[in-house]
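[1] Sharing a model that was predicted from the sequence below.
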Amino acid sequence: MRWWLAAPLVAARPGVDALNGPSHSQPVKKRCLFLSGLLVSFGLLLTGSMAATESMGASLQVIGHVGDSPCIDVTLHEGVLWFIGDGRLTSASVADPAKPRILGSLDGLGHVRQIACAGGQAFISSRDDGMYVVDISKPESPRLLYHYDTLEKATGIAVAPPIAAVANRYHGVELIDVSDPAQPKYLATTLQTKEIQSVDINGSFLYAGGWAERRVYVVDIRNPRRPVLVHEAALDGYGDGVRMRNGLCFAATGHHAVSYTKNHFEAPGKNKTGYGEGHGLEIFAVEEKGPLRKQSTTKFPAFYQGYPDTWQVEVSGRHAIVADEYNGVIVVDVSTPTKPVIVGQAILPNGVRTPPLPEPVSAAVPGDGVIYAAGYERGVYIIACEGVKPEPTLDSPAIKIPPATSNELITREGETLRYRPEGQLAAAFPYDDGKAALAVGNGGVHLVQLQPEFKVLSVTPTRGIATDVAVSGKRLYVAELSDGLSVWELEGNDPPREIGRFAKPGCSVQQVVLSPDGAWAVIENGPRLEILDLADPKDIRVVLGETGPGLFYGKMIAPRSTANGLLPVVWHMGGPVWYDLKLSPPRRHSPNTVPTGKLMNGVALLDDGQALVLFDNGYSVTATGSHAELTKPQVLLPNNEPLNGIPRAFGRVLITVAAAWKTVRAVDVSDPEHPVVLEKWRSEGNPFPPAVWKEYLLLPEGREGLTVTPKAYLKGK
């Protein structure tokens, strides 16, 4: 029960709209007393030092509003306000800063998260849907230039031409060459295994907020093909937004303080120390050859709300402007970095939740005497704030990108072959006893011959980003994110011919699994699982659609069903959930609310029909169709060896791939209670779930292509 929201929820006071307004010290004390009573009534009490938050400065006034749909981020670029939300980019004139006037918009941008502008382009991170590059030279008619396939859920973004940086959570920060914005090129990845949500580029360095790690990182990107982590420092809250200005790194933090050691979503129980007390602003002095030096920590009123879970900071002269969800917009005078002072706060009107809560602020940017705040539910709010001005565009020397090392398309080393096409190789599906279909991201779908010699049969562009493939008979199915699921006819060695497509506004198809008879497709569509009727490829219909407990982090549908048609699926907060594909239409066989705690790894199906559910440090095996509660792994590897990633089972062999950790493991699970590690190795790329043909392992490795290699333990699988 998280809706209670421990926060100082106070309405703005009339007549106080400047940063030099009267102090709030006494009213805030009253708010805190009321809040404590409210929480006690729910059996929850936030504790911590309120001394640092007794004065919130002037109560800043909301004086206007623009847009009528959810907004997740906002920026001001060359005199135009740009904001994103609900799959849409919108532009607005700020000729009158207090009354923005909408100019134009562009829809179809997926699960948008952050926006950064440079020159005549907007770069938009879009979670499952990667990165969009939009031509904004004509604000009345923004135009899509390119849809780029990122490593994972594109969350944070920063741009300093010719470099763009995209934060992909644990999968790292992806550095991208955007010298030609219409043809972005992958350069390198840094900070893998760190949960990075937001980034900034200043000069030749990248700054990143580490979320659950509660850290801030500094990376040298003078050679963007070989980034180097040079500094890091601890934060007393979950890290997110960072901004580097004038030798100072500003870090916005949220959720819980370091003293709270449980997962963020776990109730505090008797020990409430640090719970909800991670919200604040931390300032560091940055020196290239020295460590980050903490200047100050400013704490904001404590609260915890599971979502939205983003907090951002911008800098305008002497002021830092922090977007802190239900705490609204907080303005801090940072002219003396060692002694910052909160000088103002604006809380938005109540949003759509029940019981009423203020609308959360997901981002804020300074304008001319105003602040533009992204309202998570209903557009951009204009807040009067005398003395703030738009941030000037930083003018720093462009980073030079060294020439790429050319890779041959096909290389061989002993019995191992590697195929490195342009694009991110995300899936392989063997068919016709010696061929394979490959999903190659921006590179489309490739058909290859595996034996008697490896040969590329065809390369076919797809409308969207190809993330998964499946074959049934003469039909090829391709998951294409926001462009849906495409259907193709296969004929011999000829290129496939598109014969149908399932797509709808807001879709993001990441994975496709077919029923044994090819009549149904089970897809990951954003956070939703959907089952499609494939009888008519020109009229594909949804026969079942539902959300589960949480999101899909990776390909979480088992790649096949049992002999009696049951297919297991896991969401990150529950599972396995079983679906019966032999029914017409298919339907759920078990409850979809099985609590398992945090599950980020996926499920494999053993030959006997049992489901093997992977945890970070082991696995559990559950009977076909069972919905028994799984809260921890039943089986650990010898010597407690770590085991994480997405699992796939091939006979007695379990293979797990952990893309962020670049790790692949093969484990003998012929006796599931006593697993034996057969082999483990480090991938050169970011490995995706593998396929097997005969004794050959087909391992998609992202930007490093496809590796085809024989494994003795796969013979007679």
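    That came through fine. Numbers count the residues shown, from 1 in each chain.
[2] Tell me where the chain is predicted with low confidence.
    1-54, 592-599, 717 (pLDDT under 70).
[3] who's in contact with the most centrally placed residue in it?
    The chain has Lys153 as the residue nearest its centroid, 3.2 Å off, counting by C-alpha atoms, centre = their mean. Counting by C-beta atoms under 8 Å, 6 or more residues apart in numbering, Lys153 makes contact with Arg127, Asp128, Asn168, Arg169, His171, Tyr553. C-beta coordinates here come from the backbone N, C-alpha and C atoms, glycine included.
[4] Out of those residues, which comes closest to Trp578?
    Tyr553 (19.8 Å; C-beta to C-beta).
[5] circling back: just put the contacts of Lys153 in CSV and tack on secondary structure, distance to Thr336 and neighbour count.
    Formatted as CSV, those follow (DSSP: H, G, I helix; E, B strand; the rest coil; distance: C-beta to C-beta, whole Å; neighbours: other C-beta atoms under 10 Å):
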residue, secondary structure, distance to Thr336, neighbour count
Arg127, strand, 38, 20
Asp128, coil, 43, 23
Asn168, coil, 37, 28
Arg169, strand, 35, 22
His171, coil, 39, 27
Tyr553, coil, 42, 20
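[6] now those residues as a markdown table including distance to Trp578?
    Below are those laid out as a markdown table (distance: C-beta to C-beta, whole Å):
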| residue | distance to Trp578 |
| --- | --- |
| Arg127 | 27 |
| Asp128 | 24 |
| Asn168 | 31 |
| Arg169 | 28 |
| His171 | 29 |
| Tyr553 | 20 |
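[7] Pick the one among these closest to Ala251.
    Of those, the one sitting nearest to Ala251 (C-beta to C-beta) turns out to be Arg169, at 17.6 Å.
[8] hang on, isn't the closest one packed against Thr193?
    No. Assessed by C-beta atoms under 8 Å, Arg169 is found out of contact with Thr193, at 10.0 Å.
[9] which residues are common contacts for those two?
    Joint contacts of Arg169 and Thr193 (C-beta under 8 Å, 6+ apart) are Ala660.
[10] beta partners for the residue lying closest to Cys117 once chain neighbours are set aside?
    Leaving out its chain neighbours, the residue that sits closest to Cys117 by C-beta to C-beta, 6 or more residues apart in numbering is His77, at 3.7 Å. In this entry, His77 is beta-bridged to Val80, by DSSP bridges.
[11] just Ala427 next, same as before
    Bridge pairing for Ala427 - DSSP bridges - gives Ala439.
[12] so what's Gly79 up against?
    Contacts of Gly79 (C-beta under 8 Å, 6+ apart): Ser93, Val94, Ala95.
[13] measure it to Pro505 for me?
    31 Å (C-beta to C-beta, to the nearest Å).
[14] His171 now?
    27 Å.
[15] Check Pro576 too.
    In terms of C-beta to C-beta, Pro576 sits 30 Å off from Pro505.
[16] what about the two, which has more around it?
    Each of Pro576 and Pro505 has its neighbours counted (other C-beta atoms under 10 Å); Pro576 has more, 31 against 8.
[17] Which phi and psi values does that one adopt?
    phi -70, psi 150 (degrees, to the nearest 10).
[18] That one against Val613, yeah?
    Yes. Counting by C-beta under 8 Å, Pro576 touches Val613, with 5.9 Å between them.
[19] Let me see the contact set for the residue nearest to Cys117.
    Contacts of His77 (C-beta under 8 Å, 6+ apart): Cys117, Ala122, Ile136.
[20] Format these as a markdown table; extra columns: distance to Val621 and neighbour count.
    Below are those laid out as a markdown table (distance: C-beta to C-beta, whole Å; neighbours: other C-beta atoms under 10 Å):
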| residue | distance to Val621 | neighbour count |
| --- | --- | --- |
| Cys117 | 50 | 19 |
| Ala122 | 48 | 27 |
| Ile136 | 52 | 25 |
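[21] which of those residues lies closest to Thr656?
    Once C-beta to C-beta is applied, the member of the contacts of His77 that ends up nearest Thr656 is Ala122, at 38.1 Å.
[22] Which strand or helix spans that closest one?
    strand 121-125 (DSSP states H and E).
[23] ok, which stretches of the stretch 201-350 of the chain are strands?
    Using DSSP state E, counting those that start in this stretch, the strands of the stretch 201-350 of the chain run over 205-210, 215-220, 228-234, 238-245, 248-254, 280-285, 293-299, 312-316, 319-323, 329-333, 341-346.
[24] for the stretch 601-717 of the chain, that is, sorry about that
    Taking DSSP E, counting those that start in this stretch as the criterion, the stretch 601-717 of the chain carries its strands at 603-605, 611-615, 618-622, 646-650, 653-658, 663-668, 676-682, 691-693, 696-700, 706-710.
[25] mind giving me a markdown table with the ones you listed and columns for mean neighbour count and distance to Val322?
    Formatted as a markdown table, the strands of the stretch 601-717 of the chain follow (neighbours: other C-beta atoms under 10 Å; distance: least, C-beta to C-beta, whole Å):
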| stretch | mean neighbour count | distance to Val322 |
| --- | --- | --- |
| strand 603-605 | 25 | 40 |
| strand 611-615 | 24 | 36 |
| strand 618-622 | 21 | 40 |
| strand 646-650 | 22 | 37 |
| strand 653-658 | 24 | 34 |
| strand 663-668 | 20 | 37 |
| strand 676-682 | 13 | 40 |
| strand 691-693 | 20 | 47 |
| strand 696-700 | 23 | 41 |
| strand 706-710 | 21 | 45 |
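[26] The ones you listed: which one's closest to Glu408?
    strand 706-710 (13.6 Å).
[27] Output the contacting helices and strands for the closest one.
    strand 416-419, strand 696-700 (3 or more C-beta pairs under 8 Å, 6 or more residues apart in numbering; DSSP states H and E).
[28] I'd like these written out as a markdown table, with distance to His572 added.
    A markdown table is the format used below for those (distance: least, C-beta to C-beta, whole Å):
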| stretch | distance to His572 |
| --- | --- |
| strand 416-419 | 32 |
| strand 696-700 | 22 |
